[in-house]
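# Need a 3D model of the following:
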Amino acid sequence: MLEIKNLHANVEGVEILKGVNLNINPGEVHAIMGPNGSGKSTLANVIMGNPVYEITEGSVVFEGNDITEEPVDNRAKLGMFLAFQYPESIPGVTIVNMLKTALTNIEGTEYTSLELRLKVAEAMEQLGLSVDFADRYLNEGFSGGERKRNEILQLAVLNPKLAVLDETDSGLDVDGLKVVGEGVSKLKTRDKGYLVVTHYQRLLQYIKPDVVHVFVDGAIVESGGLELSNKLEEQGYESYV
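As a prediction, the model looks like this:
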């Protein structure tokens, strides 16, 4: 589904990604773990096409198509999704209206308000969210946990082929972590791929990745199974650095 080859990327002239190679197949969950400043979030943003970052070498291929130069909106239409580490608030725009606009642009189908509300209500019930959540302004006055739950609601409604979760566990308490982790687990299917960026092993207890990658100084330095995340939790990243 996703093939990253020798990916190098700069921001403001500083090289952050230094030769990333990564393959994700349909149905697989991959976790990227690494210390602060290693480039994990940069990788997530480059995969989604954030124009702040300049790709200087390598390629990003999605479902056989080279999308290295594709803009963000085209990647979304192809079925890619990024859950932000720090979701922005947009006063005056309700969650349900944002989702209606997003779905219309991604699918090219104009949903009626009733159709969209039924779709959102079904996703909210699946994720255990309260019914009034969809009518609140996007992230305005939300707690950290509510912002992350909103990201998972978007994931459920937009139903992408590939979801990149950039430190979705950041700032969550135990209850919020469980809601997000179990929410992602419920949305997993054989035809979807997930890339989960995280510092800690605790989220992976719920999501259960197929592959764990250690990311240090702009590149993947080791890959393994879930036992690798346990090792990192116990020993940290010092040996890799």
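# C-alpha only now, for contacts and for neighbours.
Fine.
# Run through this structure and note the low-pLDDT ranges.
Scanning the chain for pLDDT under 70 picks out 171.
# hmm, 80 instead?
126-131, 144-145, 168-180, 183, 199-200, 241 (pLDDT under 80).
# can you map out the helices along it?
Applying DSSP state H to the chain gives helices spanning 40-48, 72-78, 95-107, 113-127, 144-158, 174-187, 204-207, 226-235.
# Turn the ones you listed into a markdown table, columns for distance to residue 34 and mean neighbour count.
Converted to a markdown table, those look like this (distance: least, Cα to Cα, whole Å; neighbours: other Cα atoms under 10 Å):
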| stretch | distance to residue 34 | mean neighbour count |
| --- | --- | --- |
| helix 40-48 | 7 | 23 |
| helix 72-78 | 25 | 17 |
| helix 95-107 | 32 | 17 |
| helix 113-127 | 29 | 16 |
| helix 144-158 | 21 | 22 |
| helix 174-187 | 19 | 18 |
| helix 204-207 | 14 | 18 |
| helix 226-235 | 9 | 16 |
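# want to throw those into JSON lines with distance to residue 164?
Listed next are the helices of the chain as JSON lines, based on distance: least, Cα to Cα, whole Å:
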{"stretch": "helix 40-48", "distance to residue 164": "6"}
{"stretch": "helix 72-78", "distance to residue 164": "12"}
{"stretch": "helix 95-107", "distance to residue 164": "17"}
{"stretch": "helix 113-127", "distance to residue 164": "19"}
{"stretch": "helix 144-158", "distance to residue 164": "10"}
{"stretch": "helix 174-187", "distance to residue 164": "11"}
{"stretch": "helix 204-207", "distance to residue 164": "13"}
{"stretch": "helix 226-235", "distance to residue 164": "18"}
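# Which among these is found nearest to residue 24?
Closest to residue 24 of these, according to Cα to Cα: helix 40-48, at 12.3 Å.
# now for the closest one, which elements pack on it?
Other helices and strands packing on helix 40-48, by 3 or more Cα pairs under 8 Å, 6 or more residues apart in numbering; DSSP states H and E, are strand 14-24, strand 80-83, strand 162-166, strand 193-198.
# again, only this time at 7 Å
strand 162-166 (3 or more Cα pairs under 7 Å, 6 or more residues apart in numbering; DSSP states H and E).
# And for residue 217, the neighbour number?
Residues lying near residue 217 (other Cα atoms under 10 Å) number 19.
# ok, it touching residue 40?
No - contact criterion Cα atoms under 7 Å: residue 217 and residue 40 do not qualify, at 9.3 Å.
# before we move on, back to that, to residue 166, which of the helices of the chain lies closest?
Minimum separation from residue 166 across these (Cα to Cα) falls at helix 40-48, 6.2 Å.
# quick one: that closest one to chain centroid distance?
For helix 40-48, the separation from the chain centroid amounts to 9 Å (computed by Cα atoms, centre = their mean, to the nearest Å).
# can you check stretch 223-235 too?
21 Å.
# what do you get for stretch 52-66?
For stretch 52-66, the distance from its own C-alpha centre to the chain's C-alpha centre is 17 Å (Cα atoms, centre = their mean).
# Quick one: end-to-end length of it, please.
Terminal residues of stretch 52-66 lie 19 Å apart, using Cα to Cα, to the nearest Å.
# Flag every buried residue along that stretch.
By neighbour count on 16 or more other Cα atoms under 10 Å, the buried set for stretch 52-66 is 53-55, 58-62.
# who touches it?
1-11, 46-47, 67-68 (Cα atoms under 7 Å, 6 or more residues apart in numbering).
# Out of the buried residues of stretch 52-66, list just those in strands.
Mapping those onto strands (DSSP state E) picks out 54-55, 58-62.
# Would you format these as CSV with distance to residue 154 included?
Formatted as CSV, those follow (distance: Cα to Cα, whole Å):
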residue, distance to residue 154
54, 27
55, 28
58, 30
59, 28
60, 24
61, 24
62, 21
